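Colleague: Quick one, structure for this:
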Amino acid sequence: MNSTQVSYLALVAYFDTGLFKYLYFMIVMSLYMLIVCSNVFLIVIICMNRSLHEPMYLFLCSLFVNELYGSTGLFPFLLVQILSDIHTVSTFFCFLQIFCVHFYGSVELFTLGVMSYDRYLAICCPLQYNTRMTCSKVVVLTAFVWLYSVLATVVMMSLSATLQLCGNMIHKVYCDNYSIVKLACSDTTVNNIYGIVYIFTVIVSLIILIVFSYMRILKICFSGSKQTRRKAVSTCTPHLASLLNFSFGAFFEIVQGRFNMSRVPNMLRIILSLYWLTCQPLFNPVLYGLNMTKIRIICKSLGKRM
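Modeller: Okay, the predicted model is just below:
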């Protein structure tokens, strides 16, 4: 049976919440509105103020756009499912959500990697920063991040779409690629090889880049002046916190997909599976909005005018 012959997929992680579903709906709706408002606000702030048209803030703008996109690929679907009594989704929409979720994750990881390189140049090579990180280079890096993520996600989905499925039950509250692969009764060798190649050529390379950047930054902090240490702390703290938050959520998502989590309460499993898709776009505007001096000053001036 080809995957295209499966007309719908059942999301069996949902459970009957009775009247509490309206409370959950309001909570999820409030979180989504908060994510949309905060990310859109910071995108407008960065785009409308020429003083923020610098590499660091342009990368931040790309990060906020991606988080707006990623949360929109998840939250409206969750809201519908919370109110629904039948938790099924068409195969086409399931693959559409897989594209949104994995594309979001790829762009997020790539952007955080590029931002760590940007922070390395700013702190370790301050005299060469303006020549090595020009506006044109920012555009090229951002375009590469988004285009490569599209290509990688499309290839992954193309491999999954050709699989023969022996079931239609996904043990999650949303669709993801590994859940589809686990339903396959045909050979998944190519899918596994692609996953391994992607991990070692992309994810490991990004981890090496991030670790190298922060090792050099720490070296400068310990050997530099107090002003250098202050600059490094103020600019790197939100980025490092964002990176750790994303890694924490992705780790739980991987563990839940690959290992038996039946002993973990269902509600906790749902929260852990949604963590990397909800907490990152929720916390990043707060992290960067409060820690980036220029953004904080502009927000305060807007508050006084209002």
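Colleague: For stretch 193-206, which outside residues touch it?
Modeller: Here stretch 193-206 makes contact (CB atoms under 8 Å, 6 or more residues apart in numbering) with L109, F110, G113, A152, V155, M156, L159. Yep, even glycine has a C-beta here, placed from its N, CA and C like the rest.
Colleague: got the buried residues for it?
Modeller: By 16 or more other CB atoms under 10 Å, the buried positions in stretch 193-206 come out as Y194, G195, V202, L206.
Colleague: mind listing which of the contacts of stretch 193-206 are in helices?
Modeller: Of the positions in the contacts of stretch 193-206, L109, F110, G113, A152, V155, M156, L159 sit in helices, assigned by DSSP state H.
Colleague: I'd guessed the last one sits against N192; true?
Modeller: Spelled out, it's L159. No - judged on CB atoms under 8 Å, L159 makes no contact with N192 at a distance of 9.8 Å.
Colleague: between these two, who's got more neighbours?
Modeller: Just comparing L159 and N192: by other CB atoms under 10 Å the higher neighbour count belongs to L159, 18 against 12.
Colleague: sorry, back to before: farthest-apart pair in the ones in helices among the contacts of stretch 193-206, please.
Modeller: Farthest pair in those (CB to CB) is G113 and L159. Separation: 24.3 Å.
Colleague: Check L163 and give its pLDDT.
Modeller: For L163, the pLDDT comes out at 87.
Colleague: For it, which non-adjacent residue is closest in space?
Modeller: Once flanking residues are discounted, L163 sits nearest to A184: 4.1 Å by CB to CB, 6 or more residues apart in numbering.
Colleague: quick one: contacts for the one you found?
Modeller: A184 sits next to L163, Q164, L165, C166, N191 when contact means CB under 8 Å, 6+ apart.
Colleague: Now, of the ones in helices among the contacts of stretch 193-206, which are buried?
Modeller: Among these, those classed as buried by 16+ other CB under 10 Å are L109, F110, G113, A152, M156, L159.
Colleague: so which of the residues you listed comes closest to I297?
Modeller: Of all those, G113 has the smallest distance to I297: 28.2 Å, by CB to CB.
Colleague: The closest one and V204: what is the separation?
Modeller: 11 Å (CB to CB, to the nearest Å).
Colleague: Check N191 too.
Modeller: Distance, N191 to V204, using CB to CB: 19 Å.
Colleague: same thing with M215?
Modeller: Per CB to CB, M215 is found 16 Å from V204.
Colleague: Following element in sequence after the helix or strand harbouring C221, please.
Modeller: For C221, the element it lies in under DSSP states H and E is helix 204-223. Next along the chain after helix 204-223, taking DSSP H and E as the criterion, comes helix 226-258.
Colleague: burial of the closest residue to N49 other than its chain neighbours, as a residue count?
Modeller: Of all residues not flanking N49 in the chain, I298 sits nearest, at 5.9 Å (CB to CB, 6+ apart). Counted with other CB under 10 Å, residues neighbouring I298 total 19.
Colleague: M133 too?
Modeller: Residues near M133, counting by other CB under 10 Å, number 20.
Colleague: Ramachandran coordinates for it?
Modeller: Main-chain torsions, M133, degrees, to the nearest 10: phi -120, psi 70.
Colleague: and L218, how far is that from L127?
Modeller: L218 is 20 Å from L127, where distance means CB to CB.
Colleague: same thing with M169?
Modeller: Distance of M169 to L127, computed by CB to CB: 59 Å.
Colleague: More neighbours: which of those two?
Modeller: Remark: of M169 and L127, M169 carries more neighbours, 11 against 7, as counted by other CB under 10 Å.
Colleague: Was I right to think that one contacts Y14?
Modeller: No - using CB under 8 Å as the test, M169 is too far from Y14 to be in contact (11.7 Å).
Colleague: what residues are up against F252?
Modeller: Shown in contact with F252 (CB under 8 Å, 6+ apart): L272, S273, Y275, W276.
Colleague: give me every residue that touches the second one.
Modeller: S273 makes contact with A13, K172, V173, Y174, F252, E253, Q256, according to CB under 8 Å, 6+ apart.
Colleague: What of the third one?
Modeller: Taking CB under 8 Å, 6+ apart, we find Y275 in contact with F248, G249, F252, E253.
Colleague: For the last one, which non-adjacent residue is closest in space?
Modeller: If I follow you right, that is E253. Leaving out its chain neighbours, the residue that sits closest to E253 by CB to CB, 6+ apart is W276, at 5.4 Å.
Colleague: one step back: look up which residues are beta-bridged to the residue nearest to L163.
Modeller: Judged by DSSP bridges, the bridge partners of A184 are L165.
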